[in-house]
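K.L.:
Need coordinates for the below:
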Amino acid sequence: MADFLDEKRTEIGSRLKELKPLVDEYTRLQAAAAALDGVPANTSAPSTPRRAAGRAGGSRKRSSAKAKSSGGTGKRRGRPKGSGTRGNEALQLVKANPGITIPELAEKMGIKQNYLYRVLPGLARDGLVAKDGRGWHPKQAA
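P.N.:
As a prediction, the model looks like this:
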């Protein structure tokens, strides 16, 4: 009989420990609800959907600003394509390590792989590198 009681005491104690954080959260939520009962509803404050629509509207304004700033010529804003140093760094690593893979390049450069999945095909289009299997090789100068 004593073993049974000890076992039940242990089970109850364990369950109480599990429920304690939930009881504490319940108490905090009750206090927060009571505090909010005394605060009047403010109808002039923007609601979440209105803010979301405002952000979407802001992005439309930005895209129209893009069209205005480029003069409608369709030119790309920002730095010119291919002017970054990471493409050059990747090219130098490919020249130094023929057959290097994108994960290996990313690790050596300390950047994420997804960037290199955009950069290396661009270097290949420019005739600077070629892909052979999973590895990249420098193109031989003609």
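K.L.:
my read is Ala130 is in a strand, agree?
P.N.:
Yes. Assessed with DSSP: H, G, I helix; E, B strand; the rest coil, Ala130 lies in a strand.
K.L.:
ok, it - contacts?
P.N.:
Ala130 makes contacts with Ala124, Trp136, His137, Pro138, Lys139, as judged by Cβ atoms under 8 Å, 6 or more residues apart in numbering. (Each C-beta comes from the backbone N, C-alpha and C, glycine too.)
K.L.:
same question for the helix ranked longest in the chain, mean pLDDT?
P.N.:
In the chain, with assignment by DSSP state H, the single longest helix is helix 2-37. Mean per-residue pLDDT for helix 2-37: 88.
K.L.:
now swap in stretch 130-142 and tell me
P.N.:
Averaging pLDDT along stretch 130-142 gives 82.
K.L.:
Just the buried positions in it, please.
P.N.:
The neighbour-count check on stretch 130-142 (16 or more other Cβ atoms under 10 Å) flags Trp136, His137, Pro138 as buried.
K.L.:
For beta bridges, what are the partners of the second one?
P.N.:
It stands for His137. Counting by DSSP bridges, His137 forms beta bridges with Ala130.
K.L.:
I'd assumed Ala96 was in contact with it.
P.N.:
No. Using Cβ atoms under 8 Å, His137 makes no contact with Ala96, being 11.6 Å away.
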